[in-house]
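K.L.:
this one's structure only:
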């Protein structure tokens, strides 16, 4: 945090210093100022252009300090008495040529970017027909440390030396700068020429569509949302991989692809609505939606699809009976409680449109707990989202740090697994502050970093390599992801073994490594807010508690939030926590029978394979659409 403000201050001072030392003149002082500017520029320009579209980003990089540096070099030469020499003329012409080369290089960069920005970015789709070449080397496309940033360095260095050692150095520096610029332009022109056929966006789209059509998908799983919401789709990927139906996943945000967990199913990202409308898949008749998003309407208006909202969790939150869901042809819920929830809410979803399919993703959840030296408590607070229900609010703000502090101080000792919601802190600074405080408490409780951190880091790097092979741009990655990596499962299993090897260390778990259900299997009890986490944990048949941050009457709370009926309530003063922790230590569990009854109501009848009800519902819907 201290380097950036220093660089921001250094760059303009360095440029000003170059003009001052040029006027004085002093070749050595000029060289020092130039060096400081070159060192400061990459960080400053990266910060200034962050978030810009490619055209203004490249444009600013072209027009930035290079012009000022070149002008200062000419001033320096004039002040040391070289203004009328042939070397000065060569330097001036060289300065103009360098700027022209910078513009040409920038134009090539934009052309390469345009060619390689595919209208349909894919995973697990054979793109060999597109003949996608490797991406240009990063040293050529780096705006901040590549040739575009330092192409004028020989000219400036030559002027600085010329001020002390003679005009020939200025001419030599200018010639070297022009030569370096020409080499850089030629080097970038080669990948630009090789990628030129990708500029025909219609042909690229046709080639991708042909490959996906050949797969003959029956079901489209559609997803759109901000980048932090990737978990809403990732939770369904294991289910989609196991289903017997041919599924294609359609995304709308290209930045979502790197956040997607590995899957065996074809994935197609279509950022533009017009490209989505033209991407016809005659064999697909059903569209599944895992989240409510404005972009959903782009697919909902296509009459060939029977639309189904499957959501990304089943809970007592108002988000589980959102009025928007009435736009879908069907709404699939876990069990009878989901049907009752829509009936009570009056949001306009007809009972005939509600289908109970269980929770097909629960197959990894076991009713046993992985062995550990002490009881393990999983604390999973929900998001501070805008549902406006005080009883279903996050416990993180009002109770989180105090709860964690109490758990860490517990004797006999327990192990804590803290799993924050992926969107924690995005809406409320208090939640962000509470989360940071909890992280500090856990770090302090763990003490010195364990030796397995280095091994976990190496395994995580291997997983990231398997997940996103290669170091190229999105076009090269799409080309190389034509099939799922065969060694993902093996590396992931090794990572899990390493992660859980230390059964005493407190853990902060997030994302899909480790997954929520893996945390279930390593926990003796759960503490959570009103959310789908509570509903899913019923499959583990273990004691749990639901936070009551507003301090509502217990009977009122359980009536309003049925998933809490078989759990301990923890008030804002942490009342009820000791009773839960006693059960984690092996004390009798008076709510065990009630959990079994509640599980059937919330998750539907227990089946050997949780995927079976979902498969039956999907098969039935496909049969109806075929009639």
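P.N.:
Alright, I've got the coordinates. Quick caveat, the model's predicted, so the values are computed rather than measured. Numbering: from 1, shown residues only.
K.L.:
Contact partners for residue 336?
P.N.:
The contact partners of residue 336, by C-beta atoms under 8 Å, 6 or more residues apart in numbering, come to 356, 601, 604. Yep, even glycine has a C-beta here, placed from its N, CA and C like the rest.
K.L.:
Next step: those residues restricted to strands.
P.N.:
Among these, the members falling in strands (DSSP state E) are residue 356.
K.L.:
so which of the contacts of residue 336 is the most crowded?
P.N.:
residue 604 (20 neighbours; other C-beta atoms under 10 Å).
K.L.:
Roughly how far does the residue lying closest to that residue once chain neighbours are set aside sit from residue 359?
P.N.:
Closest residue to residue 604 in three dimensions, ignoring its sequence neighbours and counting by C-beta to C-beta, 6 or more residues apart in numbering: residue 335, at 3.8 Å. Note on residue 335: its distance to residue 359, by C-beta to C-beta, to the nearest Å, is 8 Å.
K.L.:
re earlier: shouldn't the residue nearest to residue 604 be in contact with residue 606?
P.N.:
No: proximity of residue 335 to residue 606 does not meet the contact threshold set by C-beta atoms under 8 Å, at 10.5 Å.
K.L.:
ok, these two, which is more surrounded?
P.N.:
For the pair residue 335 and residue 606, the greater number of neighbours falls to residue 335 (23 against 12), based on other C-beta under 10 Å.
K.L.:
Relative to residue 194, how far out is that one?
P.N.:
If you measure residue 335 against residue 194 using C-beta to C-beta, the figure is 56 Å.
K.L.:
SS state for residue 282?
P.N.:
Under DSSP: H, G, I helix; E, B strand; the rest coil, residue 282 falls in the coil class.
K.L.:
start to end distance for stretch 366-375?
P.N.:
With C-alpha to C-alpha, to the nearest Å as the measure, the first residue of stretch 366-375 is 17 Å from its last.
K.L.:
Equivalent analysis for stretch 19-28, please.
P.N.:
Taking C-alpha to C-alpha, the first and last residues of stretch 19-28 lie 13 Å apart.
K.L.:
So what touches that stretch?
P.N.:
29-30, 33, 68, 72-73, 75-76, 79-80, 160-164.
K.L.:
and of the residues you listed, the nearest to residue 438?
P.N.:
Comparing the contacts of stretch 19-28 against residue 438 with C-beta to C-beta places residue 33 closest, at 47.5 Å.
K.L.:
what's the nearest residue to that closest one if we skip its chain neighbours?
P.N.:
residue 17 (3.6 Å).
K.L.:
Can you tell me how far the one you found is from residue 94?
P.N.:
Residue 17 sits 23 Å away from residue 94, going by C-beta to C-beta.
K.L.:
Those two - which one has more neighbours?
P.N.:
A count of neighbours by other C-beta under 10 Å puts residue 94 above the other of residue 17 and residue 94, at 28 against 19.
K.L.:
show me what contacts that one?
P.N.:
With contacts defined as C-beta under 8 Å, 6+ apart, residue 94 is in contact with 155, 171, 173, 174, 175, 177, 178.
K.L.:
Show me which positions of the strand or helix carrying it end up buried.
P.N.:
Assigned by DSSP states H and E, residue 94 belongs to helix 86-116. Along helix 86-116, these residues count as buried under the neighbour rule (16 or more other C-beta atoms under 10 Å): 87-88, 90-92, 94-95, 97-99, 101-102, 104-106, 108-113, 115-116.
K.L.:
did I read that right, residue 221 in a helix?
P.N.:
No: following the definition three-state DSSP, residue 221 is strand and is not counted among the residues of a helix.
K.L.:
ok, it touching residue 288?
P.N.:
Yes: Residue 221 sits in contact with residue 288 when judged by C-beta under 8 Å, with a separation of 4.8 Å.
K.L.:
and which of the contacts of stretch 19-28 is nearest residue 311?
P.N.:
Closest approach between those and residue 311, by C-beta to C-beta: residue 68, at 56.0 Å.
K.L.:
any idea how far that closest one is from residue 617?
P.N.:
Distance from residue 68 to residue 617, counting by C-beta to C-beta: 66 Å.
K.L.:
likewise residue 86?
P.N.:
According to C-beta to C-beta, residue 86 stands 84 Å off from residue 617.
K.L.:
And residue 40, by the same measure?
P.N.:
Applying C-beta to C-beta, the value for residue 40 to residue 617 is 61 Å.
K.L.:
Mind checking which of the two has more residues around it?
P.N.:
It is residue 40, of residue 40 and residue 617, that has more neighbours when counted by other C-beta under 10 Å, with 22 against 19.
K.L.:
Would you agree that one falls within a strand?
P.N.:
No: Residue 40: not assigned to a strand; according to three-state DSSP it is helix.
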